[in-house]
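Q: next input, structure requested:
(chains A and B)
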Amino acid sequence: MGGVRTALYNYLYAKQKGGDFILRIEDTDSNRFVPGAEEYIIESLRWCGICPDEGVDETGRVVDTPSERHPHAPYRQSMRRGIYRSYAEQLVASGNAYYAFDTPEALDQERAAAEAQGRTFIYNHLTRGRLRNSLTLPPEEVARLLEERSDWTIRFRMPEGRIVEMDDLIRGHIEVDSSTLDDKVLWKRADELPTYHLANIVDDHLMEITEVIRGEEWLPSLPLHYLLYEAFGWEESRPRFAHLPLLLKPVGNGKLSKRDGDKLGFPVFPLRWTSPTGEVSRGYREDGYFPEAFVNLLAMLGWNPGTEQELFSLKELVEAFSLDKVGKSGSKFNPDKAKWFNREYLRMKSDTELTTLFLPILKEKGLEPAPSYVEGVVGLIKERATFVQDFWTIASYLFVAPTEFVPKDVDKFYKPDIYAMALEALEASDADTLEAYVRDHGMPMGKVMNCLRLALSGAASGLGISDILHFIGKAEGLRRLRYLKEKLG
RNA sequence: GGUGGGUUCGUAUAACGGCUAGUACUCAAGAUUUUCAUUCUUGCAAUAGGAGUUCGAUUCUCCUACCCACUACCA
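A: The predicted model follows:
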């Protein structure tokens, strides 16, 4: 959800400004490669109606070779390997970065040692002087290690005592003392790949990105990113940044996570996701949400139009969206409100459209009623439903006769005298005259109707008797009434 | 621990420094209905705490508290 919302805001912003929305796959961590994840992302965006202008072709694949429409290809960072190293070396040459030969084990030891003293180890101006890197080692040894070893990295040489001044489109002016920051790894020899920080800055520059709208978790690395733009001499074309507040779990505190959905009964993923380990997470699509509703509810989580309008199509969102109406604090997701959105969208849909969606569900139940009949049913019941699949639980008895009867309702309404009246009334009238007949003959309306409803639908609550009769017909009604007696004695 | 960010009804949010702090969801009550649902009406419910600036602070400043993120050869 969080990822889709971020993509959505980017899309809305780009489209409103007449810009392009580019999809780039940031897969620089080879250890975290997840098969199918890329396809999943693209399919999710497509379901939401968010179509990248660049990066993905008509068949839904990430583009690897440049063309007129996709001038910045490849769009997968793992396919751009060759690009990054020279940029990293450029920073070494200009003194903004250096080679580091510390092994992960050595760094772990440093951290443990610092922790033992109640301190935190930071690789920065305080410590880099006593660690194994091209700043401390003699040039010959550096050259030798570069040649012999394949596990070195290039680290950014974070300046000491610089006050980095930044501007965020949502949060305003922010200042950070660079002394508190660390020498981030920019490039990993072992993978021949950059880390996010380097790849992101280089690619944003190369792809002519003008605005970076991303999650708040990136705010702490914004100073580094500013300094990288500076080190490359790209300050003039540095994109503008907007850090979005996080999506929080509905109860308690903390970031929304996959687990919350399982626990509280709502999806956290746009589409159903099966992890490589076989773990299945439900999706909004499979749960019956309309993509319009999903997009709409996501848009309203952290942003507001400044008016009281709540329902927006994607097109309307493009018009109305504005970064300065995005809030600063995290939003707790409210599943009830999510359902409300879907209910609203369901009501806006035509009976014909809803019928098209309901027919397959009926077919699964082995039923193939006439579409015109189904459309009538849909029109009658749609305002009682939140999802299309609710139609079945609401009106199954308009398609098949009930065989089970709610015991509590049976106790209350299945009485010999009431039943006799119900039978008499139905035999002597039809859907349109039933109510008048019951009234004119001085029968207790509530009891007789509920007895009938019990026979017709299996419970004493639900659709109007007259409505039910219109659909199933008087003959079927009588048959069900007799079945009730047959079954219950 | 350090750094940064944040804080208006339960939730999402509104309110150029200026009416009784508005709206939606949820919840409750009433009306409507042959029942249920719908619909309609009404109601419950908030500026984290403390200083300061000001004629006046939800809004600006500072302090405190609490929450969140980051603090990886992850993004």
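Q: and the average pLDDT for stretch A:291-301 is what?
A: Model confidence over stretch A:291-301, given as mean pLDDT, is 97.
Q: I misspoke; the intended subject was stretch A:110-130.
A: For stretch A:110-130, the per-residue pLDDT averages 92.
Q: gap between the two ends of it?
A: Stretch A:110-130 has an end-to-end distance of 11 Å (C-alpha to C-alpha, to the nearest Å).
Q: and RNA strand B, is it touching that?
A: Yes - Stretch A:110-130 lies within reach of RNA strand B by C-beta under 7 Å from any atom of the strand, at A:Arg111, A:Thr120, A:Phe121, A:Ile122, A:Tyr123. Just so you know, the C-beta spots here come from the backbone N, C-alpha and C atoms, and that holds for glycine as well.
Q: the first one against A:Phe121, yeah?
A: So the one you mean is A:Arg111. Yes - using C-beta atoms under 8 Å, A:Arg111 makes contact with A:Phe121 at a distance of 4.5 Å.
Q: so these two - more neighbours on which side?
A: A:Phe121 (18 against 15; other C-beta atoms under 10 Å).
Q: helix, strand or coil for the spatially closest residue to the more buried one that is not a sequence neighbour?
A: Closest residue to A:Phe121 apart from its sequence neighbours, by C-beta to C-beta, 6 or more residues apart in numbering: A:Ala114 at 3.8 Å. Here A:Ala114 is recorded as helix under DSSP: H, G, I helix; E, B strand; the rest coil.
Q: tell me which helix or strand of chain A sits lowest on mean pLDDT?
A: helix A:258-264 (a mean of 79; mean pLDDT, DSSP states H and E).
Q: buried residues, that one. List them.
A: For helix A:258-264, the neighbour count (16 or more other C-beta atoms under 10 Å) marks A:Asp260, A:Gly261 as buried.
Q: how far is the helix or strand just after it from where the chain is centred?
A: Counting by DSSP states H and E, the element after helix A:258-264 in chain order, helix or strand, is strand A:273-274. What separates the centre of strand A:273-274 from the centre of its chain is 13 Å, taken as C-alpha atoms, centre = their mean, to the nearest Å.
Q: burial measure for A:Ile50, as a count.
A: Neighbours around A:Ile50, by other C-beta under 10 Å: 21.
Q: residues touching the nearest residue to A:Pro159 once chain neighbours are set aside, list them.
A: Nearest non-adjacent residue to A:Pro159, counting by C-beta to C-beta, 6+ apart: A:Ser178, 5.1 Å away. By C-beta atoms under 8 Å, 6 or more residues apart in numbering, A:Ser178 lies in contact with A:Met158, A:Pro159, A:Glu160, A:Gly161, A:Arg162, A:Ile163, A:Val164, A:Pro223, A:Leu227.
Q: switch to 6 Å and redo it
A: Residues in contact with A:Ser178, defined by C-beta atoms under 6 Å, 6 or more residues apart in numbering, are A:Met158, A:Pro159, A:Arg162, A:Val164.
Q: tell me which two of those residues sit farthest apart.
A: A:Met158 and A:Val164 (10.1 Å; C-beta to C-beta).
Q: quick one: which of those two has more around it?
A: Neighbour count, other C-beta under 10 Å: between A:Met158 and A:Val164, A:Met158 has more, with 23 against 18.
Q: quick one: the more buried one and A:Thr180 touch, right?
A: No - taking contacts as C-beta atoms under 6 Å, A:Met158 lies outside contact range of A:Thr180: 9.4 Å.
Q: can you get me a residue count around A:Ala459?
A: A:Ala459 has 18 neighbours, counted by other C-beta under 10 Å.
Q: now do the one 3 residues further on
A: Residues within reach of A:Gly462, counting by other C-beta under 10 Å, total 18.
Q: what's the helix or strand for it?
A: Per DSSP H and E: nothing holds A:Gly462, as it lies in no helix or strand.
Q: now it: how far from RNA strand B?
A: Taking C-beta to the nearest atom of the strand, to the nearest Å as the measure, A:Gly462 falls 5 Å from RNA strand B.
Q: likewise A:Glu230?
A: For A:Glu230, the distance to RNA strand B equals 18 Å [C-beta to the nearest atom of the strand].
Q: give me the nearest residue to A:Met445, chain neighbours excluded.
A: A:Val438 (5.7 Å).
Q: pretty sure that neighbour is in a strand, no?
A: No - using three-state DSSP, the assignment for A:Val438 is helix, not a strand.
Q: surely it touches A:Glu424?
A: No - using C-beta under 6 Å, A:Val438 is not in contact with A:Glu424; the gap is 9.5 Å.
Q: those two - which one has more neighbours?
A: A:Val438 (25 against 15).
Q: pLDDT score assigned to the more buried one?
A: Looking at A:Val438, the pLDDT reads 95.
Q: give the contact list for it.
A: A:Val438 touches A:Ala425, A:Met445, A:Val448, counting by C-beta under 6 Å, 6+ apart.
Q: repeat that with 8 Å
A: A:Met421, A:Ala425, A:Met445, A:Val448, A:Met449.
Q: quick one: the strands in chain A, in order.
A: A:97-100, A:153-156, A:163-168, A:172-177, A:185-188, A:193-194, A:211-215, A:240-244, A:247-248, A:273-274, A:280-281, A:331-332 (DSSP state E).
Q: most tightly surrounded among the ones you listed?
A: Across those, the average number of neighbours (mean count of other C-beta atoms under 10 Å) peaks for strand A:153-156, which reaches a mean of 26.
Q: please state the offset of it from the chain centre?
A: 34 Å.
Q: up against RNA strand B, what does the stretch 301-450 of chain A have?
A: So the stretch 301-450 of chain A meets RNA strand B at A:301-304, A:306, A:308, A:310, A:325, A:327-334, A:336-337, A:340, A:383-384, A:435, A:445-446, A:449-450 (C-beta under 7 Å from any atom of the strand).
Q: show me those residues that map onto helices.
A: A:Asp336, A:Lys337, A:Trp340, A:Glu435, A:Met445, A:Gly446, A:Met449, A:Asn450 (DSSP state H).
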